[in-house]
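Student: Just to be clear, the model below is a prediction. Sequence and coordinates:
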Amino acid sequence: MNRDPQSEAIAASNHWQHVSLDFEKPNQRIDEIFAADVFGMRKMKECLPESVFKSVEQVLQGGAKLTLSDADVIAGAMKDWAIERGATHFTHWFQPMTGLTAEKHDSLTAPDGKGGVMYRLSGNSLVQGEPDASSFPSGGLRATFEARGYTAWDVTSPAFIMRGSNYATLSIPTAFVSWNGEALDKKTPLLRSIDAINTQAMRILKLFGTDKGVSSVGSTLGAEQEYFLVDRNLYHARPDLVSCDRTLFGSMPPKHQQLDDHYFGTIPSRVLSFMAEVERELARLGIPVQTRHNEVAPGQYEIAPLFETTNIACDHQALLMQTLKSVAGRFGFVAILHEKPFAGVNGSGKHNNWSLSTNTGVNLLDPQDETHNNLQFMTYLCGVIRAVHLHADLLRAAISSASNDHRLGANEAPPAIISIFLGDMLTDLIDQIEEGATSRTLKGGNLDLGSRTLPALKRDSGDRNRTSPFAFTGNRFEFRAVGSTASVAWPNTVINSIVAESLDFLATEIEGSVPEGATKEQVEEVIRKVLKRVIQDHRAIVFNGDNYTQEWQEEAAARGLSNLRTTPDAIPALMNPKVGAMFEKYGVLTKPELESRIEIFAEKYVTQIGIETRQMISIARTMLLPASVEHQHNLALAVNSTVEAGVDASGLKVSLDEIADLVRILGLKITDLDDHFRFALLEPHDACVYIRDHVLGSMEDLRLAADNLEAVVAHDLWPLPGYSQLLNIR
């Protein structure tokens, strides 16, 4: 009797067990546990002497450096709090260039010399750590033998406790740099970019005289996260999912997402239990979650947090991904964050909702009701338009990866052409700016739904455009092209930097044209003239239509907009001298730091494709080809026995010829891809080009050959769980 690998995996997937941490009462309200494991400003105010707490506030406002004596007091209070919460270790939690998070745990206890233990955490240990830096990606910044690296406490991001079934660890968010002080992480450039945009955005406020009482301007972020859930046992029956986080083979089932019945549908109870557990875990970490729902593809879901300052939001995004992964196992799931784990259905993105806000809580990208009178908003808006137009290629490079290339341009994601959607109201506004005067704001009005029991709805002044990569959505810009596996720190570092550059340009142009002693009206007249020139020079980046059409690709080319379809196409944008000059001017990245990242991005792309290529050849050669040959053998036996019985076997012979031809093609495609593996011997940038020109097409050919066989080989012989099983949660 033949073994049915798929049925065995499906049967095993039904045996899952929910393992709760059971740290709080099961039915405790979210507001009672929110931020329970966070040593934030509220907890600091409770635990610290008033003078030390004021010192922390000054540090956060950028007006002072933390002294070692204050750090000692803070460390003592943090240690006592963590011990009360059950912590036994502490770690400097950081985000190296691997794209993941990293940590080295140190004990909070030490022998007291009297046969017992004492708890300890010094100010120096809080502020600075020294993990081994030799094995993290450095892109040439560090030689292999140069091992010293430093972590530095990021005071702006609260410490927190990470929990497991039998442990609790005090986690201190830190930056990570080399012995020379060069950034080896994603946080350091982000913090520098936040400083840059603060400086330039404050200049704009001063031009309008609205800086009174405002000490800083920063970017804010709300990053929606899409993901798939797969039964754990089915996942482990797919070597490609285990090693690559995506299926390298798989034919489409008769029903997948065609009916759109999964989108916003009833959440399966097992999934909803998982979501509730995730939200409880995130609540303990002070991460505010706003929405949860089914996404378009079967087995796909979304979680969205509330807006926070960008640095904290980036840290929270990393924790959110980590939490999705860790909690999934308690429910017999694996959470897959890959942008395109299943071909033919929607992939996953991370919609990066970005805005600017003062420390007093004013959203500078809120157009308000009479937008045509809000010249300050128009100035920030024009700064963003100019920034995206000048640095569209850099933005595309900022979201490039082997995994995201599968998603960009498909039906759920924007294309590789970067453009801005403004909507009817703002487009009309920039038309007026270009004409020289603004006199109206388009209104959306109300919607009468035709039933006396339904309320009239207030309609927005413009619709949303889900095909645009960089869309204005009411009071923020949504960068929809960010991939679901990506850290949001790097894309937001880029956005902050390019907008800072454009705000610098605007402020300099305006300041240089305003006569001494000018009246408010004269200043505003100068601003309008500067904004008019900006719109004239940069409105080519604005497009409100369907970004998926061939007509737009042709129009975009005529406008001079790039279409960087793959990561090998996009990486060279980082080598543009204007990019390096911009990062250096605003102190975000030095030339060596930028060059290191270019090298790391290329190496990661080549390595990821290398893993996929090796795994693809292995699965095809050792699993799919033998199964197909066995099916061919069984058919041949059936043909022979049928002929010997004196029965017409012409139909079976046709099937045998078909399977024999498909098996032959599969063998040829395996050999072809194997021959292309020579790219592994090339330098990273040469390898990227070779992959684009030769390897990707060969991978697609091998997949097609295997998927054609999956459609005809006997179900009990095919060794991989199929899409019908993987995409349907049980």
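Tutor: Perfect, thanks for sending it.

Student: CA atoms for contacts and neighbours, from now on please.
Tutor: Noted.

Student: Could you say which helix or strand holds the closest residue to Leu726 other than its chain neighbours?
Tutor: Residue nearest to Leu726 in three dimensions, not counting chain neighbours: Val230, with 6.0 Å by CA to CA, 6 or more residues apart in numbering. Element membership of Val230, judged by DSSP states H and E, is strand 225-231.

Student: Report all helices and strands that the helix or strand that that strand is followed by contacts.
Tutor: Using DSSP H and E, the helix or strand that follows strand 225-231 towards the C-terminus is helix 232-236. If contacts are counted by 3 or more CA pairs under 8 Å, 6 or more residues apart in numbering; DSSP states H and E, helix 232-236 sits against helix 5-13, helix 239-244, strand 333-336, helix 723-726.

Student: now the third one: how far from the chain's centre is it?
Tutor: Strand 333-336 has its C-alpha centroid displaced from the chain centroid by 17 Å (CA atoms, centre = their mean, to the nearest Å).

Student: Can you pull out the low-pLDDT segments for the stretch 551-700 of the chain?
Tutor: Within the stretch 551-700 of the chain, not a single segment meets pLDDT under 70.

Student: so where do the helices sit in it?
Tutor: Per DSSP state H, counting those that start in this stretch, the stretch 551-700 of the chain carries helices over the ranges 567-570, 577-585, 591-619, 625-644, 650-676, 684-690, 696-710.

Student: Equivalent analysis for the stretch 151-300 of the chain, please.
Tutor: 187-208, 232-236, 239-244, 269-284.

Student: Now distance to Lys114 too, for those helices, in CSV please.
Tutor: Output for the helices of the stretch 151-300 of the chain, formatted as CSV (distance: least, CA to CA, whole Å):
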stretch, distance to Lys114
helix 187-208, 42
helix 232-236, 49
helix 239-244, 50
helix 269-284, 36
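
Student: Between the ones you listed, which one is closest to Gly444.
Tutor: Closest to Gly444 of the helices of the stretch 151-300 of the chain is helix 187-208 (CA to CA; 28.5 Å).

Student: what comes up buried for the closest one?
Tutor: 187-205, 207 (16 or more other CA atoms under 10 Å).

Student: still on that earlier bit, among the helices and strands packed on helix 232-236, show the one with the smallest mean pLDDT.
Tutor: Looking over the helices and strands packed on helix 232-236, mean pLDDT reaches its minimum on helix 5-13, with a mean of 52.

Student: So in this protein, which strand runs the longest?
Tutor: strand 168-178 (DSSP state E).

Student: Between the helices of the stretch 151-300 of the chain, which one is closest to Asp37.
Tutor: Checking the helices of the stretch 151-300 of the chain against Asp37 by CA to CA gives helix 269-284 as the closest, at 5.3 Å.

Student: Give me the angle between that closest one and strand 225-231.
Tutor: Helix 269-284 and strand 225-231 are oriented at 130 degrees to each other (axes from the mean of the first three to the mean of the last three CA atoms, to 10 degrees).

Student: Buried residues of helix 269-284, list them for me.
Tutor: Going by 16+ other CA under 10 Å, helix 269-284 has these buried residues: Val271, Phe274, Met275, Glu277, Val278, Glu279, Arg280, Glu281, Leu282, Ala283, Arg284.

Student: And the average pLDDT for that helix is what?
Tutor: Rounded mean pLDDT across helix 269-284 is 95.

Student: picking that back up, what's the closest of the helices of the stretch 151-300 of the chain to His338?
Tutor: Of these, nearest to His338 by CA to CA is helix 239-244, at 8.7 Å.

Student: which intervals of the stretch 401-550 of the chain have sub-threshold pLDDT?
Tutor: In the stretch 401-550 of the chain, residues with pLDDT under 70: 409-413, 459, 461-463.

Student: Tell me which stretches of it form strands.
Tutor: Applying DSSP state E, counting those that start in this stretch to the stretch 401-550 of the chain gives strands spanning 420-421, 446-447, 457-458, 470-472, 477-479.

Student: okay, which residue is most central for this protein?
Tutor: When CA atoms, centre = their mean is applied to the chain, the residue found nearest the centroid is Ala486 (3.6 Å).

Student: In contact with it, which residues are there?
Tutor: Applying CA atoms under 8 Å, 6 or more residues apart in numbering to Ala486 gives the contacts Gly99, Lys350, Ile399.

Student: need the contact list for Pro684.
Tutor: Pro684 neighbours (CA under 8 Å, 6+ apart): Glu599, Ala602, Glu603, Val606.

Student: Quick check: of the contacts of Ala486, which lies closest to Gln615?
Tutor: Of these, the one sitting nearest to Gln615 (CA to CA) turns out to be Gly99, at 21.7 Å.

Student: Could you verify my assumption that the closest one touches Ser484?
Tutor: No - between Gly99 and Ser484 there is no contact, the gap being 11.7 Å when judged by CA atoms under 8 Å.

Student: Comparing these two, which shows the higher neighbour count?
Tutor: Ser484 (26 against 17; other CA atoms under 10 Å).

Student: from memory the more buried one sits against Lys340, does it?
Tutor: No - assessed by CA under 8 Å, Ser484 is found out of contact with Lys340, at 9.2 Å.

Student: Quick check: neighbours shared by these two?
Tutor: Ser348, Asn404.

Student: before we move on, the earlier item: next, format the strands of the stretch 401-550 of the chain as TSV and append distance to Val514 and mean neighbour count.
Tutor: Below are the strands of the stretch 401-550 of the chain laid out as TSV (distance: least, CA to CA, whole Å; neighbours: other CA atoms under 10 Å):
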stretch	distance to Val514	mean neighbour count
strand 420-421	30	25
strand 446-447	42	12
strand 457-458	41	11
strand 470-472	30	24
strand 477-479	30	25
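
Student: Can you say which of those strands is nearest to Ser125?
Tutor: strand 477-479 (38.0 Å).

Student: Show me the contact partners of that closest one.
Tutor: In contact with strand 477-479 (CA under 8 Å, 6+ apart) are residues His351, Asn352, Asn353, Trp354, Ser355, Pro469, Phe470, Ala471, Phe472.

Student: Can you pick out the most distant pair from those?
Tutor: Top of the distance list for the contacts of strand 477-479 (CA to CA): Ser355 and Pro469, 15.4 Å.

Student: out of those two, which sits in the more crowded spot?
Tutor: More crowded of Ser355 and Pro469, by other CA under 10 Å: Pro469, with 27 against 23.

Student: how near is the more buried one to Val482?
Tutor: Pro469 sits 9 Å away from Val482, going by CA to CA, to the nearest Å.

Student: same question, Met252
Tutor: From Met252 to Val482 the distance is 26 Å (CA to CA).

Student: Same question for Gly86.
Tutor: From Gly86 to Val482 the distance is 37 Å (CA to CA).

Student: Likewise for Leu364?
Tutor: 23 Å.

Student: which of those two has more neighbours?
Tutor: The neighbour count for Leu364 versus Val482, taken as other CA under 10 Å, is higher for Val482 (29 against 24).

Student: quick one: contacts for that one?
Tutor: So Val482 contacts Gly349, Lys350, His351, Asn352, Ile399, Asn404, Val488, Pro491 (CA under 8 Å, 6+ apart).

Student: residues near the spatially closest residue to Ala82 that is not a sequence neighbour, how many?
Tutor: Nearest residue to Ala82, sequence neighbours excluded (CA to CA, 6+ apart): Leu170, at 6.3 Å. Counted with other CA under 10 Å, residues neighbouring Leu170 total 31.
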